[in-house]
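Visitor: Attaching a predicted model along with its sequence, questions to come.
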Amino acid sequence: MAEQVPPFAGMGKKALRFLKALGFHQSREWFHENKPLYEAEVKTPLGDLVEHVYARMEAAGLPMRGTRKTSLYRVNRDVRFSKNKDPYNTHASALLTRTGTKKDQGFVYVHMANERSFIATGFYGLDKDELAAMRAAFHRRSDQLFAILDEIEAAGHTLDMSEGLKRMPRGYEAVEGERLQSLLKLKHHTFVQEIDNSLLTKPQLADAMIELTQQTLPFLSFGWAAIDPVRQTDPTDRKP
């Protein structure tokens, strides 16, 4: 257990300017010339944020873990299957999970870019068996689910309903109730909180991530209970 909370003073004041310039240049030569600026303004403070949040989560009994080695997404884009061959991302992001790995489900995520910055918790891109298990839990335990969502909505957060099926998923065609129908159609299950870019350079960014995790933990726990039985391995057996 961490004995001391690593400091986080905020992202670098030049972080967004660097990401904007990177989008303009999209040149490996330019990036390597300016890599010290990326390290100082973006990568290092983002790692500080992850480890600061992890230490405070651990102290608060919240089951989210992460390190600067396992939680940060790379600045390099995977262009193998993309028509856009730009080599670099123009945003910075990181993910904390129960295992500290980015492949685990049930997370708190931070995304920062000139165009849009936000934090989020939830489940995104569940595999076929996990999504089936989540929908089954929604259907079987709908009263509990509604109570959890009502509590979270009272705290100011609602599930993102922007990505759902047009028709009811197979096996649920006869389900009644508009609210449950909408939830069963969801492809992803996330709570998204938009943040002003002025918050990025402040220590309060960490507070926002922890608060969102605390407020949405009942839904995360509901989801873990649903998908853990169909997972390949026990998340508690894996370490970051």
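Guide: Alright, I've got the coordinates. Residues are numbered from 1 along each chain as shown.

Visitor: Now the spatially closest residue to K202 that is not a sequence neighbour: phi and psi?
Guide: Once flanking residues are discounted, K202 sits nearest to G10: 4.8 Å by Cβ to Cβ, 6 or more residues apart in numbering. Yep, even glycine has a C-beta here, placed from its N, CA and C like the rest. Main-chain torsions, G10, degrees, to the nearest 10: phi 120, psi 160.

Visitor: gap between G10 and L205?
Guide: 7 Å (Cβ to Cβ, to the nearest Å).

Visitor: okay, these two: which has more neighbours?
Guide: L205 (22 against 17; other Cβ atoms under 10 Å).

Visitor: Thought H111 was touching that one, still the case?
Guide: No - assessed by Cβ atoms under 8 Å, L205 is found out of contact with H111, at 11.6 Å.

Visitor: pLDDT (mean, whole number) over the host helix or strand of D150?
Guide: If you go by DSSP states H and E, D150 is part of helix 142-154. Helix 142-154 carries an average pLDDT of 98.

Visitor: Just the CA atoms of it, as CSV, please.
Guide: What follows is helix 142-154, C-alpha atoms only, in CSV (Å, rounded to 0.1, in the frame of the first residue of the first chain):
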residue,chain,number,x,y,z
SER,A,142,-33.8,-4.1,-13.2
ASP,A,143,-35.3,-2.8,-9.9
GLN,A,144,-31.8,-2.8,-8.4
LEU,A,145,-30.4,-1.2,-11.5
PHE,A,146,-33.0,1.6,-11.6
ALA,A,147,-32.3,2.4,-7.9
ILE,A,148,-28.6,2.6,-8.6
LEU,A,149,-29.1,4.9,-11.6
ASP,A,150,-31.6,7.1,-9.7
GLU,A,151,-29.0,7.6,-7.0
ILE,A,152,-26.3,8.5,-9.5
GLU,A,153,-28.6,10.8,-11.4
ALA,A,154,-29.3,12.6,-8.1
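
Visitor: ok now it, how far from the chain's centre?
Guide: How far helix 142-154 lies from its chain's middle: 21 Å, per Cα atoms, centre = their mean, to the nearest Å.

Visitor: Name the residues of it that come out as buried.
Guide: S142, L145, I148, L149, I152 (16 or more other Cβ atoms under 10 Å).

Visitor: give the contact list for the last one.
Guide: Read that as I152. Contacts for I152 (Cβ atoms under 8 Å, 6 or more residues apart in numbering) come out as T158, F191, Q215, T216, P218, F219.
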